[in-house]
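Undergrad: Any chance you can model this:
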Amino acid sequence: MLNRFKLYRYFALVIIFCILVTVILSKSGVIELNIFNHDLYKSLLIIVSFFILPLIGFPFSALLVAIGIEFNYIIGLVVMAAVIPFHLVISFWIVNRFLRGKIKHSQLASRFRIFDIPSEKHLEYTFIFMIVPVVPYAVKNCLLPASGVPFRYYFIIGWIIQSVLGAPFVILGEAASSLDYRVLFALLILFPILYFVMRKLKTRYYKFIAKKEN
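TA: Numbers count the residues shown, from 1 in each chain. Coordinates of the predicted model:
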C-alpha cells in the first residue's frame, strides 16, 4: 500500500513538471498555446475542478500549481484557503455517514492504527498525521474522520496545515506563469528543505505509532 502512495507522489510530480515546462515554454514563446490566454470560462472550470477533483483522489499539489498559473498568487492562496475547508467538511460527512465501517476493516486503518488513538492523544495525532507526507491529501481527509478525532481538531488543524503546505505550490505556479526565475530558484531550494523536514516528521510519526504497540 505504501508503494502505491510513492507511485502516487511520483505521478503528482510528473504532472507538476509537465505543467511547469509547458507554461514556461509557452510564456517564453518557444511554443504557442492559446489555452493560456485569459478566459472566464477557463478560470471557472479550473476553480470547479479544484473543488471536485481532490475529493476523488486527483493530486492536490498539481491543482494548486494550476491555480497559481491561472491567477496571481494572492488570489490563488485565497481560493486555496476557501476550498480546503470545503474538502474537509465534505470528507468528514461522507466518511461518518457512509464509509466509516469500510475504513475500519481496511489495511490502511490497520497500518496507521487510526482506531487505537486514546482521546488524550487526539490533538497530537491529528497534527502529526496532517503534517507528514505519509498518505495523499484525499486519504488523510478520509482516514482522520474515521479515527474518531473531534471535528474541531480535524477541521482547524487540517485547514491551517494543508494551507501552509499548499502555499509554495501556488507560488510555484504563479512564478512559472510570470517567468519569475528568482522565485523559481528560491522554491527549488525550499522544496528539498521541506522534504528533509517532512522526513524527520515522518520518523516522529512512526515513533508515535510504535508507542501504541508497546
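Undergrad: Tell me where this protein has helices.
TA: Taking DSSP state H to define them, one finds helices in the chain at 2-28, 40-52, 60-70, 73-94, 100-104, 107-112, 122-131, 137-147, 151-177, 181-213.
Undergrad: Would you reformat these as TSV and include mean neighbour count?
TA: Using the backbone N, CA and C atoms, a C-beta is placed for each residue, glycine as well. Formatted as TSV, the helices of the chain follow (neighbours: other CB atoms under 10 Å):
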stretch	mean neighbour count
helix 2-28	14
helix 40-52	13
helix 60-70	25
helix 73-94	18
helix 100-104	13
helix 107-112	15
helix 122-131	19
helix 137-147	23
helix 151-177	20
helix 181-213	12
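Undergrad: measure stretch 141-153 end to end?
TA: This stretch, stretch 141-153, spans 12 Å end to end (CA to CA, to the nearest Å).
Undergrad: can you list the helices of the chain in TSV and add mean pLDDT?
TA: Output for the helices of the chain, formatted as TSV (pLDDT from 0 to 100):
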stretch	mean pLDDT
helix 2-28	75
helix 40-52	80
helix 60-70	89
helix 73-94	93
helix 100-104	82
helix 107-112	73
helix 122-131	85
helix 137-147	88
helix 151-177	91
helix 181-213	71
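Undergrad: Could you pull up phi and psi at residue 115?
TA: Backbone torsions of residue 115, given as degrees, to the nearest 10, read phi -100, psi 10.
Undergrad: How many neighbouring residues does it have?
TA: By other CB atoms under 10 Å, 13 other residues sit near residue 115.
Undergrad: Could you tell me which residues make contact with it?
TA: By CB atoms under 8 Å, 6 or more residues apart in numbering, the contact list for residue 115 reads 104, 109, 146-148.
Undergrad: do the same with residue 137
TA: 54, 59-61, 87, 162.
Undergrad: mind running it again at 10 Å?
TA: Contact analysis of residue 137 by CB atoms under 10 Å, 6 or more residues apart in numbering lists 12, 54-55, 57-61, 63-64, 84, 87, 91, 130, 158, 162, 165-166.
Undergrad: And residue 53, by the same measure?
TA: 59-60, 62-63, 138 are the contacts of residue 53 under CB under 10 Å, 6+ apart.
Undergrad: Quick one, grab the pLDDT at it.
TA: pLDDT, residue 53: 90.
Undergrad: from what I can see residue 180 touches residue 68, true?
TA: No - Residue 180 lies out of contact with residue 68 (CB atoms under 10 Å); the separation is 11.2 Å.
Undergrad: separation between residue 145 and residue 87?
TA: 12 Å (CB to CB, to the nearest Å).
Undergrad: any common contacting residues for those two?
TA: Residues touching both residue 145 and residue 87 (CB under 10 Å, 6+ apart): residue 158.
Undergrad: Leaving out chain neighbours, which residue sits closest to residue 144?
TA: Spatially, and ignoring its direct neighbours in sequence, residue 144 is nearest to residue 154 (5.2 Å; CB to CB, 6 or more residues apart in numbering).
Undergrad: quick one: contacts for that neighbour?
TA: 88-89, 91-92, 122, 126, 129-130, 140-141, 144-145, 147-148.
Undergrad: what about stretch 101-117, distance to the chain center?
TA: Relative to its chain's centre, stretch 101-117 lies at 21 Å (CA atoms, centre = their mean, to the nearest Å).
Undergrad: start to end distance for that stretch?
TA: Stretch 101-117 has an end-to-end distance of 17 Å (CA to CA).
Undergrad: Please consider this matter closed, and thank you.
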